[in-house]
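# Sharing a model prediction with you, sequence too.
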Amino acid sequence: IGRTADAPVSAGPGRTLPGASRPGTAARAGGAEPLADRQWNMRMIGATPTGSYAKARGSRKVLVGVMDTGVDGRHPDIAPNFNRALSRNFVTDQPTDPTGKKLDGPCEYKGCKDPADVDDDGHGTHVASTIGSPINGIGVAGVAPDVSLVNLRAGTDSGFFFLKPTLDALEYAADIGVDVVNMSFYVDPWTFNCPDNPDDTPAERSEQRAILEGMRRAVNYARSHGVTLITAIGNAGGDLGKPKTDTTSPDFPRGSEKNRSVDNSCRNVPAELDGVISVSAVGPSGRKAPYSDYGTEQTDIAAPGGDVFDGGTALRGPSREILAAAPEHVLRAQGRLDAKGVPKDDSVIRECRAGKCAYYQYMEGTSMAAPHVTGVAAIIIGRFGKPGRGGLQMDPAEAERLLYATATPKDCPSPRTYRYGTGETQVCEGPASRNGFFGHGLVDAARAATVAR
């Protein structure tokens, strides 16, 4: 999934890496969910039984839109909070691309239109689980375990997010009263959209202008209808304020990529659009993950996204990655389960209760960071939103203000030129109140659950 903000290492700007834990069920303690001891990320932001869960968990009236590859609405740890009636799929899968190469593969449903409770990739289900898996004695709990999850599918099975379905999903979210939308992707086919790049053809420039203008209008429309918009900043490990080259665009059809020069007039969409909250990723130590993009103009807030190298050597699994729900049929298609449904490797956890099993997987990426912020925004809206379209409604500017006000400020590392174990260096600029690595700071569910307006 080169477009979404986490993926197999070889497939683009993010990562889905094997875990280091063993399948099984953790013992429950203190009212926590069975797999809570694997969720360092929730402890980091205070989303625990003694933290935010004891004060505010969101509300069924808060509609959280998951704009992604889909949501497995039948997963046991998603179904109780899944709003099937409002969920929609705005994508028609394409078996092949324009060159005849396999894209999404054979259609599973009539007209290549998957039902609104299906995720044939797993990315969207993982995101939805981090936001709002319920406290139900199964698996994990999300940041806001009492919200309503609405599938706003805009990504294909192969992980591409094209302009029209993305615009359609944003417009629909605004019209039905969705309160907050998570966008862990960038709009294909351009990593950076340049309105007037001499390295591009006239047709390519026109396409990029259309993406920029269309998305700006859609973002403004959504915000004017009370939708708070949150996105992953991206996983290329670059300073978005100082881009120089783009070697990954256009990424569709595959094989169309070229080398081109870019500058700060070029925009990563939606991460660099006004009115969109961009989230960088940190690992368990709190350092910015090396894959996470950054920038003083671009980074608004930070959240746990995982970092397998946070500790010097690669260690995958419960201590450094993010665990959340996974669709069983996707894991089977990927060959991660045997004929009896037992995980073949430690990247997947199976938890069985009363004869019913649910599956979870470890992932890392800014895709995993953004839903933590979306969940905290849902907590804020659940506390301060007023009756309105869809249930509750809150001015996105006020929700954003409270997100930043409750975040824990984080200084740049010292020295500011941070050297990762791979030898890569990244420079953090700005004060603790707003810098290029962490924005306004690390999101905090516990403070958001108790802050006075």
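That came through fine.
# Give the next helix or strand downstream of the strand or helix carrying residue 65.
Element membership for residue 65 (DSSP states H and E) is strand 63-67. Once the chain leaves strand 63-67, the next helix or strand it forms, by DSSP H and E, is strand 88-89.
# Relative to that following strand, what are the paired strands and their orientations?
strand 148-153 (parallel) (DSSP bridges).
# where's the partner strand relative to the chain centroid, distance-wise?
Going by CA atoms, centre = their mean, to the nearest Å, the spacing between the C-alpha centre of strand 148-153 and its chain's C-alpha centre is 13 Å.
# Grab the CA positions of that strand and hand them over as CSV.
Provided in CSV are the C-alpha atoms of strand 148-153 (Å, rounded to 0.1, in the frame of the first residue of the first chain):
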residue,chain,number,x,y,z
SER,A,148,-19.8,5.3,16.5
LEU,A,149,-17.5,4.2,13.6
VAL,A,150,-18.6,5.1,10.1
ASN,A,151,-16.8,3.5,7.1
LEU,A,152,-16.1,6.1,4.5
ARG,A,153,-14.2,3.9,2.1
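# who's in contact with it?
60-71, 73, 78, 81-83, 86-91, 114, 116-117, 119, 124, 128, 131-132, 165, 169, 172-173, 176, 178, 181, 391 (CB atoms under 8 Å, 6 or more residues apart in numbering). To be clear about C-beta, it is placed using only N, CA and C from the backbone, and glycine gets the same treatment.
# Give the ChimeraX command for selecting the buried subset of those residues.
Here is the ChimeraX command that picks out the buried ones among the contacts of strand 148-153, judged by 16 or more other CB atoms under 10 Å:
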select :61,62,63,64,65,66,67,68,69,70,71,73,78,81,82,83,86,87,88,89,90,91,114,116,117,119,124,128,131,132,165,169,172,173,176,178,181,391
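# So what does residue 279 look like in phi/psi?
phi -120, psi 130 (degrees, to the nearest 10).
# is it true that it touches residue 234?
No - with contact defined as CB atoms under 8 Å, residue 279 does not reach residue 234; the gap is 10.0 Å.
# so what's in contact with the two at the same time?
residue 366.
# helices or strands up against the strand holding residue 65?
helix 123-132, strand 148-153, helix 163-176, strand 180-183, helix 366-384 (3 or more CB pairs under 8 Å, 6 or more residues apart in numbering; DSSP states H and E).
# where does the stretch 151-300 of the chain have low pLDDT?
Within the stretch 151-300 of the chain, no stretch has pLDDT under 70.
# would you list every one of the strands in it?
180-183, 228-232, 245-249, 258-261, 276-282 (DSSP state E, counting those that start in this stretch).
# what do you get for the stretch 301-450 of the chain?
Under DSSP E, counting those that start in this stretch, the stretch 301-450 of the chain gives strands at 301-304, 322-326, 348-353, 356-363, 386-388, 391-393, 417-419, 425-427.
# Of those, which is nearest residue 241?
Of all the strands of the stretch 301-450 of the chain, the one in closest proximity to residue 241, counting by CB to CB, is strand 425-427 (10.7 Å).
# tell me the centre residue of the protein?
residue 367 (3.1 Å; CA atoms, centre = their mean).
# any idea how far that residue is from residue 160?
Using CB to CB, to the nearest Å, one gets 15 Å for the distance from residue 367 to residue 160.
# Check residue 13 and give its pLDDT.
pLDDT recorded at residue 13 is 30.
# The chain should start at 4 in everything you say after this.
Taking 4 as the first residue, the last one we looked at is residue 16.
# Flag the shaky bits of the stretch 4-153 of the chain, pLDDT-wise.
4-33.
# try 90
Within the stretch 4-153 of the chain, the stretches with pLDDT under 90 are 4-35.
# repeat for the stretch 354-456 of the chain
356-359, 392, 424-426, 456.
# Can you give me the end-to-end span of stretch 73-83?
17 Å (CA to CA, to the nearest Å).
# quick one on the thing from earlier: ok now the strand holding residue 68, how far from the chain's centre?
11 Å.
# That strand to strand 231-235, inter-axis angle?
Interaxial angle of strand 66-70 relative to strand 231-235 (axes from the mean of the first three to the mean of the last three CA atoms, to 10 degrees): 40 degrees.
# Is residue 420 bridged to anything, and to what?
residue 430.
# give the contact list for it.
Here residue 420 is in contact with 428, 429, 430 (CB under 8 Å, 6+ apart).
# could you redo the last one with a cut-off of 10 Å?
Applying CB atoms under 10 Å, 6 or more residues apart in numbering, one finds that residue 420 lies in contact with 428, 429, 430, 431.
# got it, and residue 228?
173-174, 176-181, 391-393, 396, 399.
# now do 6 Å
Taking CB atoms under 6 Å, 6 or more residues apart in numbering as the contact definition, residue 228 lies against residue 177.
# Distance-wise, check it relative to residue 433.
32 Å.
# what's the burial count for residue 446?
33 (other CB atoms under 10 Å).
# So it is in contact with residue 379, correct?
Yes - applying CB atoms under 6 Å, one finds residue 446 in contact with residue 379, separated by 5.1 Å.
# so how far is stretch 51-59 from its chain's centroid?
Worked out by CA atoms, centre = their mean, stretch 51-59 lies 23 Å from the chain centre.
# try stretch 421-428
The answer for stretch 421-428 is 25 Å, by CA atoms, centre = their mean.
# Flag every buried residue along that stretch.
Within stretch 421-428, judged by 16+ other CB under 10 Å, the buried ones are 421, 423.
# swap in stretch 379-398?
Applying 16+ other CB under 10 Å to stretch 379-398 flags 379-386, 388, 393-397 as buried.
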